[in-house]
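Q: Following is a predicted model, sequence given first.
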Amino acid sequence: MNRQLSMLYASKEGRAVSQIFQNVNEIDEQLLRGCKKTYPAELALFAVRSSCQGKGIGKKLFHSALAYLKQQGLDEFYLMLICKRA
C-alpha cells in the first residue's frame, strides 16, 4: 500500500470514505448478481465533492473514464450510479 493511501486510512475522513466504499461495494455486488451478465469493465464509485458539483468536473471525469475504456478496447461496462441531491 502506498504512503498516501496509508495516510488516508489513518485519518478520520479516510476511514469514513472506506466505510462508504464498503457499503457501495456490497450494493454493487448484489446488483451485478441480479444482472446475470458479466461486464468487462466497471465504474462503481464515482463521486464529486458537493462544493465542486455543477462546474463540469464530473462530466470531465466521466468522459476521461470513457476515453480510457475505449483506449483499452472495452466498449461495454457496468455503471453503478447513486444520485444524492441536496
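A: Structure's in. What do you need?
Q: any weak-confidence spans in this structure?
A: Within the chain, the stretches with pLDDT under 70 are 1-2, 4-9, 44-45, 81-86.
Q: and the longest helix for it?
A: Assignment by DSSP state H gives helix 12-35 as the longest helix of the chain.
Q: any residues touching the next helix or strand after that one, and which ones?
A: Proceeding N to C from helix 12-35, the next assigned helix or strand is strand 42-43, under DSSP states H and E. Contacts of strand 42-43 with the rest of the structure, by C-beta atoms under 8 Å, 6 or more residues apart in numbering, involve 28, 32, 65, 77-80. For glycine as for every other residue, the C-beta is placed from the backbone atoms N, C-alpha and C.
Q: still on that earlier bit, can I get the longest helix of the chain in CSV? Just the C-alpha atoms.
A: The C-alpha coordinates for helix 12-35 follow below in CSV (Å, rounded to 0.1, in the frame of the first residue of the first chain):
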residue,chain,number,x,y,z
LYS,A,12,-11.0,10.0,10.3
GLU,A,13,-12.2,11.1,6.9
GLY,A,14,-10.3,8.3,5.2
ARG,A,15,-12.0,5.7,7.5
ALA,A,16,-15.4,7.2,6.7
VAL,A,17,-14.7,7.0,3.0
SER,A,18,-13.6,3.4,3.4
GLN,A,19,-16.9,2.6,5.2
ILE,A,20,-18.9,4.3,2.4
PHE,A,21,-16.9,2.3,-0.2
GLN,A,22,-17.6,-0.9,1.6
ASN,A,23,-21.4,-0.2,1.6
VAL,A,24,-21.3,0.8,-2.1
ASN,A,25,-19.3,-2.4,-2.9
GLU,A,26,-21.9,-4.6,-1.2
ILE,A,27,-24.8,-2.9,-3.1
ASP,A,28,-22.8,-3.1,-6.3
GLU,A,29,-22.1,-6.9,-5.9
GLN,A,30,-25.8,-7.5,-5.3
LEU,A,31,-26.9,-5.5,-8.4
LEU,A,32,-24.3,-7.3,-10.6
ARG,A,33,-25.5,-10.7,-9.4
GLY,A,34,-29.0,-9.6,-10.3
CYS,A,35,-28.0,-8.7,-13.8
